[in-house]
Each structure stands twice: as C-alpha cells, then as structure tokens.
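> test case, fold it:
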Amino acid sequence: KNKKSAEKKSQDPWYLGSGFLLFWLILFLAVVVPLFHRVPKAKTIEESPKGDFIAQRAMGTLYELVKIGPKVVGSFNNENRTVEFLLNELDQIKEHVLDEYFDIEIDHQVVSGSYIHWTMVNMYQGVQNLVIKLSPKNCTSETYLLVNSHFDSKPTSPSAGDAGQMVAIILEVLRVMSTTRQTFEHPIVFLLNGAEENPLQASHGFITQHKWAKNCKAFLNLEGCAGGGRELLFQTGPNHPWLVEYYKKNVKHPFATTVGEEIFQTGSMPSDTDFGILIKYGNLIGLDMAQNINGYTYHTKYDSFEIIPSDSVQSMGDNVLSLVRALSNATEMRDTAAYENGASVFFDVLGLAFISYSESDGIIFNYSVAGVTIILVIISLCRISGNCRVSLACILIGFILILVVQIVAFALGIGLPILIAYYFDKYGLPLTYFTTSELMFGLYVCPSLFGLCLPSYIFLKFPRNPHISLGQQLHMILHGYGIILAILDIFLTIYGLRSTYAVTWTLIFYVLSLTFNLLTSLHDRHTAWMGFLLGFQIPSFLYATYLQYTLIRTMIAMMGRFGRSNNPDIYMSGINALGTVLAMGFLIPMVNIFRRPGFVISSLLVIIGVSIFTASSTHLGFPYRPRTNVERVPYLHVRRTLYEYDGAVSQDDSGYLFNFQDRRGPAPLQGTSVNLSGLVGISDDCGKYMMCGYPLYDHRWVKNRLNAMWLPRTELIDPPKVPKVELLSKIVQADKKTVRYKFKVEVTDHTSLFIQPYDFVNITNWTFPLAYIDQQSTYHVYFSHGKDSTPLSFFVDFFKSNGDFNVPLFEMGVSGHFIGDKGDKISQEFAASFPDYAVLVEWPTSYQRFIF
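This is a model prediction of the structure:
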C-alpha cells in the first residue's frame with residue numbers, strides 16, 4: 001500500500017504543493033479582505049424611512065464642522081466658532097423635538113479643575129462642554145445613559161476623523177431619537193466635550209462637577225483614530241459582561257475583539273481615550289468604540305472631510321443608534337452594581353456573527369478543549385499503533401521525536417519573522433512596510449511558513465519504520481502541533497489572558513476533524529483523514545487570518561507614531577508570525593504529501609529574498625509618501641532664557657526642539673532640502689539641567705526626552721509673548737522650617753510648569769493635587785485654558801529642616817506655547833524647506849528657568 005501511495009505521489013504534478021498554498025492565499029483575498037472592508041451603503045434623506053440613521057445628514061454636519069479648521073483648546077476656533085456652530089445645531093434639533101414624547105435640556109458647562117495624569121498634574125481652566133439631556137415625558141428614572149465624544153483637535157488638524165465624525169454621529173442620533181415616536185426608559189445624556197486632546201480634561205470636568213454626572217451609570221465613548229471602515233469595540237466594562245451582550249444582540253455591523261482590548265490596556269499603544277477618565281472618576285461602566293482604519297492622517301493637517309467615507313459613517317451610526325436605544329431601555333441600568341460579574345471574552349467572526357462569553361466560562365472552555373485535544377491525540381496514537389502493527393511504545397517514542405521537531409518548527413515560525421525585523425532595525429531600515437504593506441507577506445508571513453515547514457520536511461527525509469505510512473507520519477506531525485497548542489492554551493489561561501480564545505478556537509476545529517475521523521474508518525486510511533481536516537481548517541483559517549488582518553490594519557499606521565525607543569517592526573512581525581502560525585500550523589506540513597515539497601520551500605526562500613531586496617534597496621521600501629503616509633515631525637521654535645539665583649541671565653539662546661515620532665527619527669530628512677546641520681541629542685543636558693533645560697510640551701514629550709533633539713539657531717527667536725512670572729510673596733511659616741512662595745503667572749492657553757526642589761528641601765503643600773507630592777523628583781504641571789485666560793496663581797510650601805531660606809531652594813521652569821502661530825520669517829522658511837512627505841506640527845515657545 002505504501003509503495004502504491006509513493007508511486008501515486010511520484011505521478012502528481014510538481015506544482016501541486018505550491019498550488020495548495022496558493023489556494024489559501026486566494027481564499028484569504030477572496031473572503032477575508034472583502035468582508036473586513038464591508039460596510040453598508042450610506043442612506044439618503046429621500047430614500048430612508050423616519051427613525052433610521054441617515055449618513056447624508058451627518059456628513060452635512062461634518063462638512064460644516066470641518067470647515068472651521070483646527071480646534072485647539074484655547075483657540076478662537078474651538079472656544080467660539082465651534083461652540084457657536086454646535087449650539088446652533090442643537091437649537092435646530094430642539095425646535096423639531098416631539099414635545100409630546102420627549103423633554104430636551106441643553107447645558108453649556110464651563111469648568112476648571114485638575115487631576116494627576118501619568119507623570120504630571122493635568123490642570124484646566126475654563127474648558128467647555130455642551131451637555132444635552134433627552135428624557136421621555138414624565139420620566140421617573142434617575143439612571144442616565146451617557147454618550148460621549150469630543151470636538152476639539154490636535155494642532156493643525158481639521159479633525160474630521162478625530163473626532164468630528166463622532167460629533168456628527170451623536171448629533172444625528174439625537175436628531176433621530178428626538179423626532180421618532182419610539183420612547184425609552186432611561187434619560188440619555190449626550191456629551192460633546194471641548195478638551196479631550198489636552199488630554200482628557202473636559203470629560204474629567206464633566207464627570208466630577210456636572211449636575212447630571214452623578215446620575216450617569218453607563219456610557220458609550222466614541223473615538224476616531226482614522227477615517228474609513230468599521231469602528232472597533234476595543235474596551236468594555238470593566239467587569240460587566242451584560243454590556244457586551246447588549247452589543248451582541250443589537251449592533252448591525254459587529255467588529256470587536258478581546259485581543260484589541262488587552263493590547264490597548266497594556267498601555268503600549270500611543271493613544272488614550274475618555275474611557276479611563278469616566279471609569280476612574282465617575283465609577284461608570286461602558287463601551288469604547290473607535291474608527292481606526294487608515295490612521296495615517298490621524299492628528300495631521302490631512303485629517304480632512306475628504307478622507308471620511310459616508311458608508312463608514314452609516315455603519316457606525318447604525319450601531320450607535322441601535323446601542324443607545326437598547327441601553328436606554330436596559331433593566332440592568334436600574335442597578336448596574338448588581339450585574340457586576342467579571343470580564344468578557346468577545347470577538348466578531350468576519351463581521352457576520354458575534355461570539356461572547358464570560359471570562360470564567362472561557363477558562364473552563366480553554367482547559368476543556370486543551371484536555372480533549374490531548375486525550376484524542378493519545379487515542380489516535382493508539383489506533384495508529386494497532387493499524388500499522390507497531391508497538392505503542394515504539395509509536396510514543398517516535399511521537400516524542402516528532403513533538404521535538406514541531407517545537408522547533410513552532411519556534412522558527414515565530415522567531416524567523418522577528419529575527420528579520422531585528423536585523424532590519426539594526427541596519428536602520430524599520431517601517432519598510434509603512435506604505436507598501438504587501439511587503440509584510442514576504443518579510444514576515446513567508447519566513448513564518450518556511451520555519452513551520454522546514455523541520456517536518458527534513459524529518460520526513462530520514463528513513464522511517466516501513467510499517468508506518470507517510471500519511472500516518474504526517475498525521476502524527478499534526479498531532480504534535482496540536483499538543484503544542486494545547487499546552488500553550490493551558491499556560492496562557494493560567495497567565496490570565498482572555499485573548500487565549502484565539503488558540504482555543506484554532507484547536508476546536510482540529511479536535512472536530514479528529515473526532516469525525518476517529519468515529520469513522522477514515523482515520524485508519526493512508527490520507528483519507530485529510531478530507532475532514534481540510535474542511536474544518538477552512539473556518540479556522542478564515543478567522544485566524546481575519547484576526548491577523550484586523551490587527552495589522554488597526555496598528556500599522558500607529559507604528560508611525562510609536563516613538564524612537566521601541567522597534568515597531570517587532571510588533572508587526574510578531575502579529576504576522578502569530579497569525580500565520582495559528583492559520584497555517586495544521587496546513588503547511590501537508591505540502592509534504594505532494595511531489596517535490598522542496599520546491600515549495602525553495603519558492604518561499606525566493607519570495608523572502610525578493611522581499612528583503614525590495615524593502616531594503618528600492619523606493620517601495622521607503623516608508624513615507626506625501627499626504628497619505630506621512631512622516632510626523634513635531635518641533636518647537638524655542639527661545640530659552642536661564643536665570644540664576646541672583647537674577648542674572650546665564651544663557652539666552654534659540655533653536656528648534658524636535659520630538660520625532662517614529663523609529664527612523666531624523667534619518668529620512670538627511671540629504672533632503674531641509675538643513676539639519678548641527679542637530680544633536682539633548683540626553684547629555686538631561687543630567688545637567690532640570691527637565692534637560694528645555695520646554696517639554698506634555699507628558700509624552702517628557703517621557704521621550706532622552707530621544708529629543710536640538711537644532712541651534714543663531715538668530716534669537718522673538719516669541720509672541722513671554723509669560724510674566726511674578727513672585728507675590730515669600731513667607732516663613734510659624735514652624736520656622738517651612739516657607740510659602742506665592743506666584744502669579746500670565747499663562748498662555750498651553751503652559752507647563754516644572755518645579756524641582758534642591759537636596760534636603762521638600763514640598764509639603766501646594767495649590768495642586770496633594771497626592772502628586774513625592775511622586776516625581778521634578779514636578780510637572782501641565783496647564784491649559786479655554787475661555788478663561790485669568791493668570792494662574794498658586795502657592796508652594798517648602799520644608800527645610802535647618803530653616804535656612806536665604807540660599808537657593810528650588811528651580812522653576814515656565815514654558816509658554818503659542819499653538820497656531822507660524823513663527824517668524826526664518827522659522828517659516830525653515831518649515832517650508834521640509835520634503836513633501838513630512839507633515840509638521842510646530843509653533844513658537846518661550847522657556848524661562850528661575851532659581852528661588
């Protein structure tokens with residue numbers, strides 16, 4: 001029988017092995033990619049019945065909102081033009097409310113406050129919220145649903161994607177619900193907050209100070225990291241699985257994964273949302289959803305109306321409207337605390353279905369599937385032993401060897417793509433896939449396939465027991481991979497990862513095929529068992545590649561703002577490797593059943609070689625393109641003045657302070673029209689001066705300060721204004737060991753204070769949050785204002801045990817930022833010299849360092 005099988009194999013066309021792999025590639029391109037990008041057709045006013053979300057109307061609102069331009073907190077655009085536009089829109093909605101069904105209240109909140117955010121005090125003054133409450137007539141419920149998004153923007157950004165489209169969606173949902181004879185139980189509060197990018201100030205002001213905040217129990221947070229595609233549900237709860245069940249039952253276009261939630265909550269992604277603020281300071285529960293496909297324009301001047309497809313707005317609008325209607329009628333809203341029941345495992349399947357279950361059920365499920373896998377593999381080995389008339393001990397010894405081979409294959413499948421990523425970064429070539437994403441197939445997917453296939457190919461070349469057929473040996477190779485996944489499933493579950501579901505569901509389809517084969521005689525035939533295996537691997541392959549593609553499309557643009565400290569290629573290669581291992585681990589060894597499997601391996605090597613050459617030596621591997629795939633270049637035009645204790649100026653200079661956003665740093669700009677001669681890192685200054693002696697803009701600049709760079713300039717910069725710092729008083733307290741300093745600073749709309757006590761001097765009290773004292777060696781107060789530009793007045797108490805206050809006690813740095821100002825003529829000429837693939841975010845800044 002084995003001889004006949006060998007003869008039949010020798011007659012097979014040599015290209016069948018490659019055709020086998022090509023089938024799976026075509027399946028991915030024909031099924032996964034179209035379903036991933038599938039969105040509903042945008043509805044128009046003429047064609048749609050009353051009560052539907054109409055994208056045409058929302059797009060009209062978005063167009064007018066985007067026309068205002070950038071909406072930075074403190075700017076006229078944000079504090080006046082945008083607020084006036086939104087109030088006018090709300091007045092029009094109010095005029096058409098069905099008064100016999102609903103009550104509507106509009107509150108314009110102007111709020112000030114402060115809290116600790118990451119490594120700084122986040123302080124705000126006079127930021128604005130527009131808060132709308134829609135209630136059914138004669139409503140007695142005191143439990144409200146909150147729907148939140150923001151209308152402010154990052155500097156230079158018209159903010160169509162982040163988050164103008166969300167504001168337009170909220171207004172359309174409000175418009176539809178207030179004009180449709182479909183009532184609900186719980187009032188709905190719609191929050192349009194005016195300071196999210198600062199970061200997260202206005203939502204903090206609402207949830208801690210607004211009159212309706214205490215009644216809000218659950219929320220939907222709508223964010224935009226891009227324009228196009230479906231919105232991803234990427235944070236839930238916490239610990240309220242009923243919210244996920246409502247999502248499951250009511251959304252029309254599901255798109256969600258626990259994997260995205262766990263990745264985001266590691267804090268490794270360069271983004272944050274109001275979700276955390278509402279949970280931490282309001283004790284709320286909620287769902288966090290964001291548009292995140294095509295995020296290359298995020299936070300840039302290219303985040304314009306033209307990049308927002310009306311179809312994607314329709315998709316999210318349908319989902320938000322359905323969720324708002326469902327949650328505003330939820331019985332769980334009456335007492336949310338009673339339904340706290342742990343986290344959820346959730347994911348959509350190609351956008352066609354949604355699966356969810358509790359974390360506790362998931363743990364049982366994972367262990368059960370892993371256990372069943374191990375048991376069925378043992379039963380199968382016993383059957384193989386009986387059929388080929390080889391002792392079970394001999395079969396087990398052979399299987400142990402196969403298991404070692406598969407462990408090597410698994411390690412190579414994961415390790416080879418990561419190794420390529422490491423060497424590309426080592427030689428200064430990260431992000432080659434940033435524009436030409438197809439390169440990832442050759443750089444990461446093919447090396448993973450090569451690693452998975454090579455060990456079994458070599459193993460099968462060695463002489464085998466003549467009583468064990470090739471089909472049986474191949475079956476045992478797949479069993480080895482199944483055992484590896486089962487063990488991985490168990491350990492990841494013990495570790496506490498809910499994302500383990502991806503491994504579990506991969507195993508399920510193998511277990512199902514093995515079960516059917518064991519229940520029939522197919523298991524005992526040479527290769528007949530492959531029919532069930534291939535049939536069940538199709539859904540497994542489709543989901544694994546769908547998840548892989550989701551993570552790639554979601555995260556690839558983020559790699560352009562991942563910072564210089566981390567190698568983004570490690571993340572992208574890891575995603576591709578894991579996705580390939582899950583999708584193809586049970587399939588790639590099967591090329592050994594075809595004639596000339598070595599040709600498949602050689603083909604993979606050729607593809608890898610061509611891809612490496614293309615990525616490293618052609619323009620296709622250059623990461624950036626004008627407008628669509630840009631290099632982000634944030635920098636400040638700095639005037640720096642350092643004052644000594646006696647008031648003398650020890651340094652007065654100017655230059656440009658760069659905070660490059662991606663791994664390549666300034667390298668892509670070298671040799672272009674921009675003159676960066678003299679550009680140096682500032683890390684050496686960080687050991688000499690407080691906060692390196694530069695006006696670090698916010699917590700992200702502070703975190704990245706060792707990678708910041710300074711380009712000196714001969715001509716001094718004359719900023720629009722230098723904030724006046726006035727020492728109002730210096731009063732020794734009654735204990736004779738504490739002195740209180742009172743200051744007044746004429747702030748700009750974005751100002752940072754840095755305070756560093758000298759040795760043996762401690763801060764014991766101040767105007768800012770007391771909990772921040774002793775958290776940092778250098779204190780950072782990030783201050784911004786909206787409508788209220790009143791100077792910042794504050795006090796600080798310093799304790800010194802010997803009571804000697806006639807010597808220097810502390811340093812204080814004050815930086816004033818003039819966002820929106822183009823700077824002087826030299827600065828404008830410098831900005832104009834950058835290549836067209838560089839998108840600039842820059843403004844003048846003054847920095848004063850004082851010693852008191």
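> okay, CA-based contacts and neighbour counts for the rest of this
Noted.
> need the helices for the stretch 651-800 of the chain, in chain order.
683-686, 699-703 (DSSP state H, counting those that start in this stretch).
> tell me where the model's unsure across the protein.
Residues of the chain that meet the criterion pLDDT under 70 lie in 1-12.
> spatially central residue in it, please.
Centroid-nearest residue in the chain: residue 269, 4.8 Å away (criterion: CA atoms, centre = their mean).
> surely it meets residue 563?
No: applying CA atoms under 8 Å as the test, residue 269 and residue 563 come out as separate, 10.3 Å apart.
> so of the helices of the stretch 651-800 of the chain, which one's packed in deepest?
Of all the helices of the stretch 651-800 of the chain, helix 699-703 has the most neighbours on average by mean count of other CA atoms under 10 Å, namely a mean of 16.
> what's the closest of the helices of the stretch 651-800 of the chain to residue 671?
Among the helices of the stretch 651-800 of the chain, helix 683-686 comes nearest to residue 671, with 24.2 Å by CA to CA.
> ends of stretch 519-535, what's the gap?
End-to-end span of stretch 519-535 (CA to CA, to the nearest Å): 16 Å.
> name the nearest residue to residue 635, ignoring sequence neighbours.
Nearest non-adjacent residue to residue 635, counting by CA to CA, 6 or more residues apart in numbering: residue 658, 4.3 Å away.
> tell me the contacts of the one you found?
Contacts for residue 658 (CA atoms under 8 Å, 6 or more residues apart in numbering) come out as 633, 634, 635, 636, 708, 709, 710, 711.
> the third one and residue 843 touch, don't they?
Right, residue 635. Yes: using CA under 8 Å, residue 635 is in contact with residue 843, at 7.3 Å.
> rewinding a little: put the buried members of the contacts of residue 658 into a ChimeraX selection.
The following ChimeraX line selects those of the contacts of residue 658 that are buried, judged by 16 or more other CA atoms under 10 Å:
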select :633,634,635,636,708,709,710,711
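> out of the contacts of residue 658, who's nearest residue 749?
Distances from residue 749 to the contacts of residue 658, taken by CA to CA, are shortest for residue 636, at 15.6 Å.
> if I look at that closest one, how far off is residue 823?
10 Å.
> may I have the beta-bridge partners of residue 235?
Beta-bridge partners for residue 235, by DSSP bridges, are residue 288.
> what's the local residue count around it?
By other CA atoms under 10 Å, 23 other residues sit near residue 235.
> Provide the secondary structure category for residue 356.
Using DSSP: H, G, I helix; E, B strand; the rest coil, the structure places residue 356 in strand.
> for it, give the beta-bridge partners.
Beta-bridge partners of residue 356, as defined by DSSP bridges: residue 346.
> quick one: it from residue 241, how far?
Separation of residue 356 from residue 241 (CA to CA) stands at 9 Å.
> can you report phi and psi for residue 695?
Main-chain dihedrals, residue 695, degrees, to the nearest 10: phi -80, psi 70.
> that one reaches residue 849, doesn't it?
No: contact criterion CA under 8 Å: residue 695 and residue 849 do not qualify, at 9.6 Å.
> joint contacts of those two?
With CA under 8 Å, 6+ apart, residue 695 and residue 849 have common neighbours 813, 814.
> between these two, tell me which one has more neighbours.
Between residue 695 and residue 849, residue 695 has the larger neighbour count (other CA under 10 Å), namely 28 against 24.
> that one: what's it in contact with?
Residue 695 is in contact with 638, 752, 813, 814, 815, 845, 846, 847, counting by CA under 8 Å, 6+ apart.
> these in helices, which ones?
Here DSSP state H is the test, and those give no hits in helices at all.
> circling back to that earlier point, so if I had to pick from residue 356 and residue 241, which one is more boxed in?
Neighbour count, other CA under 10 Å: between residue 356 and residue 241, residue 241 has more, with 23 against 18.
> so that one sits right up against residue 343, yeah?
Yes: with contacts defined as CA under 8 Å, residue 241 counts as touching residue 343 at a distance of 6.0 Å.
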